[in-house]
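*Asks:* For reference, the sequence and a predicted model appear below.
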Amino acid sequence: MDYDPVVTLKSSGTKKPLWLIHPGVGEVLVFVGLSQPLADNGRPIYALRTRGFESGHTRFSSIIETVDTYVQAIRRRQPQGPYALAGYIYGAILAFETAKRLNTMDAALCASSAASNYRRTSSHGCASCAEICVSFT
């Protein structure tokens with residue numbers, strides 16, 4: 001069985017998805033209760049679960065490997081930004097690093113000035129800039 005970090009909490013919506021990144025333990029059950037009141041905001045909601053829970057899957061060896069995997073998983077489902085990311089405790093670090101990577105990757109596609117490429121709001125500027133919505137701690 002192939003590893004896929006994405007756990008779908010709400011699959012439908014017209015807005016860009018919200019990506020929730022797990023706390024240090026790596027499980028996303030902490031987000032089940034949070035996703036219920038957010039379900040009416042018009043966004044699909046996905047959570048990223050760490051590797052290593054299933055038999056035969058090894059845990060990540062570094063933050064870089066984790067971020068690489070999460071960026072690939074996000075871009076498979078959402079090829080362009082803005083990206084809405086949130087993390088819980090350790091997940092806040094991963095969300096920040098993932099947002100930086102997404103922003104760097106999308107900056108090459110953006111025709112705006114270098115300064116606008118690094119704005120983290122979806123209401124203006126480059127349509128592919130990363131957005132960090134919130135960090136739950």
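*Replies:* Received the coordinates, thanks.
*Asks:* For the rest of this, base every contact and every neighbour count on C-alpha atoms.
*Replies:* Noted.
*Asks:* Name the spans of the protein whose pLDDT lies under the cut-off.
*Replies:* 1, 106-137 (pLDDT under 70).
*Asks:* again, only using 80
*Replies:* 1, 39-40, 105-137 (pLDDT under 80).
*Asks:* Kindly confirm my reading that residue 27 is in a helix.
*Replies:* No - with DSSP: H, G, I helix; E, B strand; the rest coil as the criterion, residue 27 is assigned coil and is not in a helix.
*Asks:* need the contact list for it.
*Replies:* 49-50 (Cα atoms under 8 Å, 6 or more residues apart in numbering).
*Asks:* repeat for residue 5
*Replies:* 47-51, 70, 73.
*Asks:* Which one (most neighbours) among these?
*Replies:* In terms of neighbours by other Cα atoms under 10 Å, the contacts of residue 5 top out with residue 47 at 26 neighbours.
*Asks:* Quote the end-to-end distance of stretch 2-17.
*Replies:* 23 Å (Cα to Cα, to the nearest Å).
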